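Chemist: build the 3D model from these lines:
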Amino acid sequence: MTRSNSARLPGLDTLRAIAIVAVMLYHLESFLPEKMTAAAQFGWIGVDLFFVLSGYLIGTQLLRPYAHGERPSVRQFYRRRAYRILPAYLVVLWFYLVFPTWRESPVLPPLWQFLTFTVNLFFVDFSHHAFSHVWSLCVEEHFYLVLPLLVILLMRRPSLRKTVLVIGAVVLFGICFRGYELFSLIAPSGWSGRGVSDDFGTFYYKYLYYPTYSRLDGLVVGVTLALVRLFRPGWWGWMTRRGHAALILGLALTGFVCWMFRDHGMADATKVAAWGTVVGYPLLAAGLGLLVVSSVSSDGWLSRFRLPGAELLATLAFSLYLTHKEVAHLDRKYLPSLAGARDAKTVVIYAVTCLLAAGALYGLVERPFMVLRDRSERRRTEGVDADMLREPAL
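Modeler: Residues are numbered from 1 along each chain as shown. Just a heads-up that it's a prediction; the model follows:
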């Protein structure tokens, strides 16, 4: 597969565009028309889709050298990740620190938590914290830090059995951890929080939803797809020749998990919702993984059709992720007509302003640093925009 072909897969663009739109709808749900809330309430799934995409794309980058009898450069990998993520992230963080008006919430966690990407591990109450959505970037950063070291360790003596055991152990740990934490809380004896100030919702997000060790399923599924693609080409060919089936099964499984999560994070969570928390994340990751397979297949609808605007949204995904909550906050603050309004006009205003802000961050920070990185590596920079779609920041 050529460089350009691997970079310009419309199915992956479509999935990334869907993921960022879903995340934005979820965060802005209370300001959108009521007709959109039914879909927006499940927008959190967009983060899990980003996890699967990251696992697949980053796993492919790290594992491809081994498929050719070489070893990846861990130093170069970390360097490329730093160029990809840190400039835009630090610029947005600087805005949070210097301009209080920029904050969508007056409370900002300590700076050291943002600089060490540990906001999701030292949680107080994200519902009242500015820049709260950075929790998922923290998960990604932990993944980027650990995966190269794990790959080097496992590839010293590669073994299918050992690889399957590691993958299974990570998934099983997540299931057991969430089960242990959750079922003791919804037992007939009733709710008893970890602390006086912890209600059920706070506990759910603090101990079950945000911590990295509880949210590895999507990343593991993505890496598994990369392993199959590179080291089991026969299996991969069989899967990618069935794009329609992968799409239908992926949508069905994702829909089933949405049903399981219909009471997601609520204090009166049903037993079905509890089981959704315990086993729903790996099932959701599997369903989204099937969508990724369909997006790169030879006959799937996702791989054959370009969704209008998907390439633009995919390109701006990281900048949109970093800035959309703050921009919407500024819209409501400085455009009085939006106060209490939940109509189509507000959706258009949010969309346009968020895209403009993301475009500015991309054009002034993201892309220039990627060009600088490629020049320092003496690589051609003409295809930097396409390259960025193969190097997810989220």
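
Chemist: just the local confidence number for Val347, please.
Modeler: As predicted, Val347 sits at a pLDDT of 89.

Chemist: that should have said Tyr66, apologies.
Modeler: Residue-level confidence at Tyr66 comes out at 92, pLDDT.

Chemist: is it correct that it is in contact with Arg156?
Modeler: No: the pair formed by Tyr66 and Arg156 falls short of the contact definition of C-beta atoms under 8 Å, at 10.7 Å. For glycine as for every other residue, the C-beta is placed from the backbone atoms N, C-alpha and C.

Chemist: quick one: buried residues of the helix or strand hosting Leu62?
Modeler: Element membership of Leu62 [criterion: DSSP states H and E] is helix 45-67. Residues of helix 45-67 classed as buried under the neighbour-count rule (16 or more other C-beta atoms under 10 Å) are 45-63, 66.

Chemist: centroid-nearest residue for the protein?
Modeler: Phe50 (3.0 Å; C-alpha atoms, centre = their mean).

Chemist: quick check: that one touching Ser136?
Modeler: Yes: with contact defined as C-beta under 8 Å, Phe50 reaches Ser136; the gap is 7.0 Å.

Chemist: distance of Gly243 from Leu302?
Modeler: According to C-beta to C-beta, to the nearest Å, Gly243 and Leu302 sit 7 Å apart.

Chemist: using CSV, write out every CA atom in the helix holding Leu62.
Modeler: Backbone C-alpha positions of helix 45-67 (Å, rounded to 0.1, in the frame of the first residue of the first chain) are rendered in CSV as follows:
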residue,chain,number,x,y,z
ILE,A,45,-19.2,6.8,22.6
GLY,A,46,-17.2,9.1,20.3
VAL,A,47,-14.4,8.9,22.8
ASP,A,48,-14.4,5.1,22.7
LEU,A,49,-14.3,5.3,18.9
PHE,A,50,-11.3,7.6,19.1
PHE,A,51,-9.6,5.0,21.4
VAL,A,52,-10.2,2.2,18.9
LEU,A,53,-8.9,4.3,16.1
SER,A,54,-5.8,5.3,18.1
GLY,A,55,-5.1,1.7,19.0
TYR,A,56,-5.3,0.7,15.4
LEU,A,57,-3.3,3.5,13.9
ILE,A,58,-0.6,3.8,16.5
GLY,A,59,-0.4,0.0,16.9
THR,A,60,0.2,-0.2,13.1
GLN,A,61,3.0,2.4,13.3
LEU,A,62,4.8,0.6,16.1
LEU,A,63,4.4,-3.0,14.7
ARG,A,64,5.0,-2.4,11.0
PRO,A,65,8.8,-2.4,11.4
TYR,A,66,8.7,-5.8,13.0
ALA,A,67,6.7,-7.1,10.1
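
Chemist: can you name the residues in contact with the helix or strand that it is followed by?
Modeler: The first helix or strand that comes after helix 45-67 along the chain, using DSSP H and E, is helix 74-98. By C-beta atoms under 8 Å, 6 or more residues apart in numbering, the list of residues contacting helix 74-98 from outside reads 61-62, 102-103, 108, 111, 114, 130-131, 134, 137, 141, 144, 148-149, 152, 318-319, 322-323, 326, 361-362, 365-366, 369-370, 372-373, 377, 388, 391, 393.

Chemist: okay, buried residues for helix 74-98 please.
Modeler: For helix 74-98, burial by neighbour count (16+ other C-beta under 10 Å) applies to 77, 80-81, 83-85, 87-89, 91-93, 95-96.

Chemist: again with stretch 305-315
Modeler: Residues of stretch 305-315 classed as buried: Leu307, Ala310, Glu311, Leu313, Ala314, Thr315 (neighbour count, 16+ other C-beta under 10 Å).

Chemist: closest to Cys176 out of these?
Modeler: Relative to Cys176, the closest of the buried residues of stretch 305-315 is Ala314; by C-beta to C-beta it sits at 35.4 Å.

Chemist: distance of the closest one relative to His129?
Modeler: Distance, Ala314 to His129, by C-beta to C-beta: 28 Å.

Chemist: Ser294 too?
Modeler: 37 Å.

Chemist: neighbour count winner among those two?
Modeler: Ser294 (28 against 20; other C-beta atoms under 10 Å).

Chemist: and after the helix or strand containing the more buried one, which helix or strand comes next?
Modeler: Ser294 belongs to helix 281-295 when assigned by DSSP H and E. Next along the chain after helix 281-295, taking DSSP H and E as the criterion, comes helix 301-304.

Chemist: need the contact list for Phe51.
Modeler: Taking C-beta under 8 Å, 6+ apart as the definition, contacts of Phe51 comprise Ser136, Val139, Glu140, Arg215, Asp217, Gly218, Leu219, Gly222, Ala285.

Chemist: per-residue confidence at it?
Modeler: For Phe51, the predicted pLDDT is 97.

Chemist: contact partners of stretch 250-259?
Modeler: 42, 45, 272, 276, 280, 283-284, 286-291, 293-294.

Chemist: out of the residues you listed, which are buried?
Modeler: Neighbour-count burial (16+ other C-beta under 10 Å) is assigned, among the contacts of stretch 250-259, to 42, 45, 276, 280, 283-284, 286-291, 293-294.
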